[in-house]
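Engineer: Pasted the sequence and its predicted model underneath.
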Amino acid sequence: MEQAKTEREQKITQAESEIEELKQELKVKKSSLESAKLDLDQAQENLEDTTITAPAKGTITKVDIEEGETATPGKVVITMIPEKDYKIEVMFPRLISEVLKRTMKSKLILTLSPKNSTKEESAKFTPRKR
């Protein structure tokens, strides 16, 4: 009977030891998981930094960056024309402006791209002030 009690105590001690080992292993696994989550968050931030989003919808007219080149803050990477209405003012020298006012019906043709141009029938000619 004493021997059976000793064997049970040994099994209990061995089981408690295994439980402690498993607890330590669980701590290590949790730590690894947290580290992996932080690495994933950093990777997602880095991925977001590789995407350039235009501030508005429009047509890209010029690309100022090559594939593989690094875009830096403040560097122009594209030129675009927005989809919404916008106003363009053209300044002519005073002499041309005066001639246009007196001799022609105002007509302004803006070439936006080889495929896309627009005609404006109500251009306003104002002399540039110096």
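Structural biologist: It's in.
Engineer: Kindly report the domain assignment for the chain.
Structural biologist: Listed by automatic domain parsing, the domain ranges of the chain are 1-51, 54-83, 87-130.
Engineer: avg pLDDT for the last one?
Structural biologist: Translated: domain 87-130. For domain 87-130, mean pLDDT rounds to 57.
Engineer: likewise the second one?
Structural biologist: Along domain 54-83, the predicted local confidence has a mean pLDDT of 83.
Engineer: what about K37, distance to Q24?
Structural biologist: Going from K37 to Q24 by CB to CB, to the nearest Å gives 21 Å. In short, each C-beta sits where N, CA and C put it, glycine included.
Engineer: now swap in V76 and tell me
Structural biologist: 56 Å.
Engineer: Now do the phi/psi pair for E67.
Structural biologist: Note on E67: its backbone torsions stand at phi -60, psi 130 [degrees, to the nearest 10].
Engineer: what about I81, how many neighbours?
Structural biologist: When neighbours are counted by other CB atoms under 10 Å, I81 registers 14.
Engineer: and the one helix or strand it maps to, what other elements does it pack with?
Structural biologist: When elements are defined using DSSP states H and E, I81 is found to belong to strand 78-82. Packed against strand 78-82 by the contact rule (3 or more CB pairs under 8 Å, 6 or more residues apart in numbering; DSSP states H and E) you find strand 58-63.
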